[in-house]
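K.L.:
A structural model of the following input is requested.
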Amino acid sequence: MLIDPLKLSKEVRKIVCKHSDGVELRKYFRFRGGRWYGGIATADCVGCCLKCVFCWGHLTRDNPRKHGQFYAPQQVFDEIVKIAGKRGYDMLRVSGGEPTIGREHLLQLLELVEQTRYTFILETNGILIGADKKYAQELSKYSNLHVRVSIKGCTPNEFSRLTGAKPNGFNLQLNSLKNLLDAGVSCHPAIMLSFSSKENILRLVDELKKIDSRLVARLEEEYVILYPHVVKLLKKNRIWPLRAVKP
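P.N.:
Below you'll find the model as predicted:
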């Protein structure tokens with residue numbers, strides 16, 4: 001049975017988010033530095049509204065009650081800023097799950113980052129932003145924010161096959177880009193191309209042009225990384241990429 005990502009996001013939110021004494025808490029399972037973007041400090045959150053067959057974080061995604069612990073925005077901020085300071089990074093991000101599920105928590109975290117020199121990269125599947133343009137408008141308040149929308153596949157059917165979600169979720173991903181651009185938020189699309197034919201890739205490029213031709217120039221190609229646990233997941237789902245990269 002195909003999942004409804006909007007419904008699933010509400011269910012997951014009840015597990016990974018909670019309110020305590022005026023503070024919005026969110027579950028995280030790891031804080032780390034890494035080479036992405038030339039060096040970035042990362043907080044890995046728990047919980048997502050998609051079930052991607054290539055997800056490297058599927059163990060925490062599928063067991064949100066079991067993994068991670070709750071952190072306040074200030075605690076998350078302190079952890080990633082400490083990592084960035086030690087390593088000389090200029091960028092911060094939340095990854096591992098879907099950051100937008102914890103809306104108020106995320107906005108409180110961005111308020112803290114706004115007072116610094118750091119650039120915050122919001123990595124998202126775009127589903128919730130595509131469903132609510134007010135979300136994009138709220139994000140437009142932050143001057144040092146850049147949003148990376150990770151689009152799963154190049155067509156609604158590919159999206160459904162890769163995520164286990166209803167095909168119309170694909171249009172929400174594209175709509176998130178429109179909402180972000182309309183709100184004046186810096187953003188770009190990252191497209192999972194490992195499972196797509198050249199014909200479908202060209203179709204997606206045409207769809208991006210309809211939104212804004214600048215998106216095509218900003219398009220980031222994304223490919224499956226064959227970590228051992230990802231290989232097991234792909235085999236379990238009986239799907240194999242046309243293109244992939246080794247760890």
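
K.L.:
separation between the residue nearest to the spatial centre of the chain and D182?
P.N.:
Geometric centre of the chain, nearest residue: T124, 2.3 Å, by Cα atoms, centre = their mean. Going from T124 to D182 by Cβ to Cβ, to the nearest Å gives 16 Å. (C-beta placed from N, C-alpha, C; glycine too.)

K.L.:
Could you do S140 as well?
P.N.:
9 Å.

K.L.:
hmm, back to that, assess the claim that the residue nearest to the centre of the chain and G97 are in contact.
P.N.:
No - assessed by Cβ atoms under 8 Å, T124 is found out of contact with G97, at 10.2 Å.

K.L.:
If we ignore the residues flanking it in sequence, what's nearest K209?
P.N.:
V216 (5.9 Å; Cβ to Cβ, 6 or more residues apart in numbering).

K.L.:
Checking my notes, the one you found in a strand, right?
P.N.:
No - assignment of V216 by DSSP: H, G, I helix; E, B strand; the rest coil gives helix, placing it outside any strand.

K.L.:
That one: what's it in contact with?
P.N.:
205, 208-209 (Cβ atoms under 8 Å, 6 or more residues apart in numbering).

K.L.:
Okay, buried residues for the lengthiest strand in the chain please.
P.N.:
The longest strand of the chain (DSSP state E) is strand 23-34. Judged by neighbour count (16 or more other Cβ atoms under 10 Å), strand 23-34 contains these buried residues: 23-31, 33.

K.L.:
Narrow the contacts of V216 to those that are buried.
P.N.:
Buried subset of those (neighbour count, 16+ other Cβ under 10 Å): L208.

K.L.:
Looking at the contacts of V216, which one is closest to L242?
P.N.:
Distance to L242 across the contacts of V216 (Cβ to Cβ) is lowest for V205, with 17.3 Å.

K.L.:
Let me know the average pLDDT across the helix or strand in which L208 is found.
P.N.:
Element membership for L208, per DSSP states H and E: helix 198-211. Confidence for helix 198-211, expressed as mean pLDDT, is 96.

K.L.:
Output the contacting helices and strands for it.
P.N.:
helix 169-182, strand 187-192, helix 214-218 (3 or more Cβ pairs under 8 Å, 6 or more residues apart in numbering; DSSP states H and E).

K.L.:
buried set for the second one?
P.N.:
This points to strand 187-192. Judged by neighbour count using 16+ other Cβ under 10 Å, the buried positions of strand 187-192 are 187-189, 191-192.

K.L.:
Show the contacting residues for P247.
P.N.:
P247 touches 225-227, counting by Cβ under 8 Å, 6+ apart.

K.L.:
which one of those residues has the most neighbours?
P.N.:
Using other Cβ atoms under 10 Å as the neighbour criterion, L226 leads the contacts of P247 with 17 neighbours.

K.L.:
in the stretch of helix or strand S160 belongs to, what's buried?
P.N.:
Take DSSP H and E as the rule and S160 turns out to sit in helix 156-163. Neighbour-count burial for helix 156-163 flags 156, 158-163 (criterion: 16+ other Cβ under 10 Å).

K.L.:
And for stretch 69-89?
P.N.:
70-73, 75-77, 79-81, 83-84, 89.

K.L.:
Go through the residues you listed and flag which are in strands.
P.N.:
Using DSSP E, these in strands are 70-71.

K.L.:
and the buried residues of stretch 69-89, which two are the farthest apart?
P.N.:
Farthest pair in the buried residues of stretch 69-89, by Cβ to Cβ: F70 and Y89, 25.0 Å.

K.L.:
ok, now which ones touch H105?
P.N.:
H105 touches 17, 24-26, 73, counting by Cβ under 8 Å, 6+ apart.

K.L.:
now H58
P.N.:
51-52, 229, 233.
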